[in-house]
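Colleague: Mind folding the following:
(one chain, ligands or ions: 1)
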Amino acid sequence: MDSNALKQIAAEAALGYIKPGMVVGVGTGSTTNLFIDALGKAKIHVEGYVASSVATETRLKGLGLPVLNLNDTGDIPIYVDGADEVDPHFRLIKGGGGALTREKIVASAARLFVCIADGSKDKPMLGKFPLPVEVIPFARSFVARQLVKLGGNPSLRAGVTTDNGNVILDVTGLDLTDPVTMESRINLIPGVLDNGIFAQRRADVLLFGTPQGVVERR
Ligand code: 5RP
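Modeller: Now for the predicted structure:
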């Protein structure tokens, strides 16, 4: 099975968590796109969807699925999203698609975070995937220097402006043995909007697509 097929079975497995009447938070990325397409076919009568990016909102609307504003919903029962890396403690690196800030907001507003991914994202520890950091453009160089002081090697993601009008620094070389602390330390740098470590709001359920089928961890 290729990685797309593995993403597909993980995305379809997440449908089992979606019940009529729910408000469903929806992440961003290729795995989430497969989930959205599966939602379009499943026609579950949910109350609506909260999108974590403009791209996701466009895809949901394109399938005729109702999109709600997080400011109108209050906390939501469930959020479904992919990840770039997942560790054994359900902590994640996200933001490969640049949507990390809104993703973390919607994930934090959700009572249950279901993470869908192909099995290659299952890692013994976080840190091989370059950590995305969303930065206000005015602070780009300053933030980059502070990230170097934390042991990182930041590089500007070329040609990318986030849905919030910001830039992304992708950072290699950080020691993520304590991701909870590193998540906070990076976010304390003035000019950082958020970073792609999801350790304080980690996933609650993992659905990995593997050649042997979907592996579920809770
Ligand atoms: C987007 C994300 C994605 O969930 C992450 O990059 C995984 O993407 P994909 O499902 O395409 O592998 O965090 O900001």
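Colleague: and Val135, what are its bridge partners?
Modeller: Per DSSP bridges, the residues bridged to Val135 are Val167, Val192.
Colleague: So which bits of the longest strand anywhere in the chain are buried?
Modeller: In the chain, ranked by residue count with DSSP state E as the criterion, the top strand is strand 110-118. Neighbour-count burial for strand 110-118, counted by 16 or more other CB atoms under 10 Å, picks out 110, 112-118. Yep, even glycine has a C-beta here, placed from its N, CA and C like the rest.
Colleague: again with stretch 130-150
Modeller: Across stretch 130-150, burial judged by 16+ other CB under 10 Å covers 130-136, 139-140, 143-144, 146-147.
Colleague: Which of those fall in strands?
Modeller: Short answer: those in strands (DSSP E) are 131-135.
Colleague: which residues are there in this structure that come within reach of the ligand?
Modeller: 27-32, 81-84, 94-100, 103 (CB under 6 Å from any ligand atom).
Colleague: Please repeat the previous calculation with a cut-off of 5 Å.
Modeller: 28-31, 82, 84, 94-97, 99 (CB under 5 Å from any ligand atom).
Colleague: rewinding a little: from the buried residues of strand 110-118, which single one is nearest Ala51?
Modeller: Proximity of the buried residues of strand 110-118 to Ala51 (CB to CB) peaks at Ala110, which lies at 13.1 Å.
Colleague: got CSV for the residues of the chain next to the ligand, with secondary structure, pLDDT and neighbour count too?
Modeller: As requested, the residues of the chain next to the ligand are exported to CSV (DSSP: H, G, I helix; E, B strand; the rest coil; pLDDT from 0 to 100; neighbours: other CB atoms under 10 Å):
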residue, secondary structure, pLDDT, neighbour count
Thr28, coil, 98, 29
Gly29, coil, 98, 26
Ser30, helix, 98, 14
Thr31, helix, 98, 27
Gly82, coil, 98, 27
Asp84, coil, 98, 22
Lys94, coil, 98, 29
Gly95, coil, 98, 30
Gly96, coil, 97, 21
Gly97, coil, 96, 24
Ala99, coil, 98, 29
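Colleague: quick one, strands of the chain?
Modeller: Using DSSP E, strands in the chain cover 23-26, 48-51, 67-68, 76-81, 85-86, 92-93, 110-118, 131-135, 153-156, 167-172, 192-195, 197-198, 205-210, 213-217.
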